[in-house]
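K.L.:
Need coordinates for the following:
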Amino acid sequence: MKGGKIVGEGVDGCVFSEPMWPCAAGTQVGSKVPPSPLDPKYVSKILSKDDNEATYIQAAERIMGPELSLIHLTHFGGECKPADSKHLPTKEEFPAFSKGLSSTIFWEKTDQACAELKNRINKKEDITNSKKLVFISRYPITAIDWFRINTSKTKPVAALTRMVVKAIPPFLNALQRLYQNRKEQFIHIDLHLGNIFVSPSPADSIQFGMSDFGRCFLRQRSDGLGDFVRFLTQDMMEYTVFSGYVQIPLEVRILNYILQRVPSSEEISPKNIVYNWVKEVNKPRGTDFIMMHLVSLTIYLLEKPLFIQMIETLRGLARKVRSYYETETDIESSMTDNEKAVLEYMLITYLSISPINSILQGFIAISSPELYNQARETLKSHFPGNELKESFTGVEIIVEYLFRMISGPYIHEGSSLAVAVRSMQMVDIRYVWSDIVSSDA
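P.N.:
Here you go, the predicted structure:
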């Protein structure tokens, strides 16, 4: 998020730094006054009119609380309608508008939000009333760039490892605040390395945080599953999950495969569903934890009765989503207790597991490819006939955490699936981490 003109885009929005794209005069939304287009502490983001990113940022701030959100979140800076040629900004902000127009008109990429904005400008279409302009605080650097820069500086792997291992527990604390709140749950489902940021802290340490709230879900516990059902109809039914997306939890990948590739009428065992999925997505040398030893991992899990129940539950859930696709309330009312518990569990793993998987990928794919084998060996040691050689790089802690969290629901012998997955939602994940660290000490 360096200064100057367009600094980024996604499917949802086009992002401008100072001078930021300004508001149409007199169009402030809500009580928060948007910053000046020259304020270096913010970026402005042009979004579709019905986008909820501002709502989600404010919800995350509210649930996480002021102390943690100050460190671990980007912040909402105000909202208005974006200026266009028919709805001009104030006289003082007109130079910023001219620069924003110029940088958009000369934008060369063609497939995302800035290209769509450019097309509207060239056609002289209304932007003010079809879009919204949200101001969001800047963050120092994305995790993906932090790993790359530190690699280019030839920083010792041991030093990088210490910094990351030290930064993960506070991040876990912030993440679990979002889904363990008694009144509401907030889920961010897109925490890849580009949406995790890094902030410097004293004594050569760092803090992790989360940004880009375009793909989130907010549930009021008093409303049942509420917004969580939209995840099934919007994300699972409409899109095919790419196997390289490390931010997608294991059970979500399998559910998506069932919805996209397994007909409701087909009689197929849970084991064969998993075998067929593995055959389709397995790739050698994946830097995603789940893909490292996918065959061995799934064989291990398929020996657990509760994992078999999980696949059966996902199959039943997929049938209901197909049957009641048009009406989300009908999907929820038809769901069993197991299915409701599994849906909630899958969504919380986007926070308890996925960000740490993304950080692991930053280590072994960008900063320290030599740690790839150590990560694989650590995971492999959990499977029969393998032992972990005496070696400590720090990456073992991350791998061990991911293994415990992924396998955790399935080792509860004599428990129902609903009880097992709900128990994982109650776990203080900081203690999981600290237990691993103390056992490795």
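
K.L.:
quick one: low-confidence parts of the stretch 251-400 of the chain?
P.N.:
284-285, 367-369, 385-392 (pLDDT under 70).

K.L.:
can you rerun that using 90?
P.N.:
Low-confidence regions of the stretch 251-400 of the chain, defined here as pLDDT under 90, cover residues 264-267, 282-289, 291-293, 323-329, 362-396.

K.L.:
With the stretch 1-150 of the chain instead?
P.N.:
1-12, 18, 108-112, 147-150.

K.L.:
mind running it again at 50?
P.N.:
Applying pLDDT under 50 to the stretch 1-150 of the chain flags the ranges 1-4.

K.L.:
Domains in the protein, by residue range?
P.N.:
Domain ranges of the chain: 6-138, 143-440, per automatic domain parsing.

K.L.:
Same list (those) but as a markdown table, adding mean neighbour count.
P.N.:
From N, CA and C alone the C-beta is placed, and that goes for glycine too. Shown next, in a markdown table, are the domains of the chain (neighbours: other C-beta atoms under 10 Å):
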| stretch | mean neighbour count |
| --- | --- |
| domain 6-138 | 18 |
| domain 143-440 | 18 |
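
K.L.:
Name the nearest residue to residue 220, ignoring sequence neighbours.
P.N.:
Once flanking residues are discounted, residue 220 sits nearest to residue 184: 5.2 Å by C-beta to C-beta, 6 or more residues apart in numbering.

K.L.:
give the contact list for the one you found.
P.N.:
Residue 184 is in contact with 59, 63, 218-221, counting by C-beta atoms under 8 Å, 6 or more residues apart in numbering.

K.L.:
any idea of the pLDDT on it?
P.N.:
Reading off the confidence values, residue 184 has pLDDT 95.

K.L.:
Shouldn't residue 243 be within a strand?
P.N.:
No. Residue 243 sits outside any strand when classified using DSSP: H, G, I helix; E, B strand; the rest coil, being coil.

K.L.:
In this structure it contacts residue 283, no?
P.N.:
Yes. Residue 243 lies in contact with residue 283 (C-beta atoms under 8 Å); the separation is 7.1 Å.

K.L.:
which neighbours do the two share?
P.N.:
Joint contacts of residue 243 and residue 283 (C-beta under 8 Å, 6+ apart) are residue 291.

K.L.:
Need the distance between the two termini of stretch 322-331.
P.N.:
9 Å (C-alpha to C-alpha, to the nearest Å).

K.L.:
before we move on, the earlier item: taking the contacts of residue 184, tell me the two that lie furthest apart.
P.N.:
59 and 221 (13.4 Å; C-beta to C-beta).

K.L.:
Cross-reference the contacts of residue 184 with the strands and report the matches.
P.N.:
Among the contacts of residue 184, the members falling in strands (DSSP state E) are 218-220.

K.L.:
all helices of the stretch 301-441 of the chain, in order?
P.N.:
Taking DSSP state H, counting those that start in this stretch as the criterion, the stretch 301-441 of the chain contains helices spanning 305-323, 328-334, 337-352, 354-361, 371-380, 395-407, 417-426, 429-440.

K.L.:
So which of those is nearest residue 92?
P.N.:
Closest among the helices of the stretch 301-441 of the chain, using C-beta to C-beta: helix 354-361, at 40.7 Å.

K.L.:
what helices or strands is that closest one leaning on?
P.N.:
helix 157-179, strand 196-201, strand 205-210, helix 289-292, helix 395-407 (3 or more C-beta pairs under 8 Å, 6 or more residues apart in numbering; DSSP states H and E).

K.L.:
ok, residue 93 to residue 336 distance?
P.N.:
The spacing between residue 93 and residue 336, counted by C-beta to C-beta, to the nearest Å, is 55 Å.

K.L.:
and if you look at residue 100?
P.N.:
Distance from residue 100 to residue 336, by C-beta to C-beta: 51 Å.

K.L.:
How is residue 185 assigned, secondary-structure-wise?
P.N.:
From three-state DSSP, the assignment for residue 185 is strand.

K.L.:
Spatially, what comes nearest to residue 260 if we skip its sequence neighbours?
P.N.:
The shortest distance from residue 260 to any non-neighbouring residue, by C-beta to C-beta, 6+ apart, is to residue 240 (5.1 Å).

K.L.:
er, residue 397 I mean
P.N.:
That would be residue 436: by C-beta to C-beta, 6+ apart, it lies 5.4 Å from residue 397.

K.L.:
List the residues that contact that neighbour.
P.N.:
397, 400-401, 404.

K.L.:
pLDDT at it, what is it?
P.N.:
92.
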